[in-house]
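*Asks:* Next one to model:
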Amino acid sequence: MNVLRVNLGNKRITKESLPEKYEMLGGRGLTSMMINGQVPPDCDPLGPVVRNALGQYRTPLNRG
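*Replies:* Got it, this is the predicted structure:
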């Protein structure tokens, strides 16, 4: 499975293969683990790190 990362700042789309530790996850579990790995636990909840990490996550199991 691949992950598309969309950077709206520089208008780039990159395709990455899904890290092996996430292969058995899907839907909300996958997206929660990916965000958890990108956002430090002590960051400002309204700061730029969180705003940049959150986005529209879609997987075959999460069509919402």
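*Asks:* quick one: the residue lying closest to residue 17 once chain neighbours are set aside from residue 34, how far?
*Replies:* Excluding the flanking residues, the one nearest residue 17 by Cβ to Cβ, 6 or more residues apart in numbering is residue 2, at 5.8 Å. All C-beta atoms are positioned from the backbone trio N, CA, C, and that covers glycine. Using Cβ to Cβ, to the nearest Å, residue 2 is found at 13 Å from residue 34.
*Asks:* Looking at the two, which one has more neighbours?
*Replies:* More crowded of residue 2 and residue 34, by other Cβ atoms under 10 Å: residue 34, with 18 against 7.
*Asks:* wait, doesn't that one sit right on residue 26?
*Replies:* No - under the criterion of Cβ atoms under 8 Å, residue 34 makes no contact with residue 26, lying 11.7 Å away.
*Asks:* Give me the common contacts of residue 2 and residue 34.
*Replies:* Here residue 2 and residue 34 share no contacting residue, scored by Cβ atoms under 8 Å, 6 or more residues apart in numbering.
*Asks:* Going by neighbour count, list what's buried in the longest helix anywhere in the chain.
*Replies:* Counting by DSSP state H, the longest helix found in the chain is helix 27-38. Within helix 27-38, the residues scored as buried using 16 or more other Cβ atoms under 10 Å are 30-31, 34.
*Asks:* can you pull out the helices in the chain?
*Replies:* Using DSSP H, helices in the chain cover 27-38, 48-53.
*Asks:* By mean pLDDT, show me the worst of those.
*Replies:* Here the lowest mean pLDDT among these goes to helix 48-53, at a mean of 64.
*Asks:* what about the closest residue to residue 18 other than its chain neighbours, distance to residue 31?
*Replies:* Of all residues not flanking residue 18 in the chain, residue 1 sits nearest, at 4.5 Å (Cβ to Cβ, 6+ apart). Separation of residue 1 from residue 31 (Cβ to Cβ): 13 Å.
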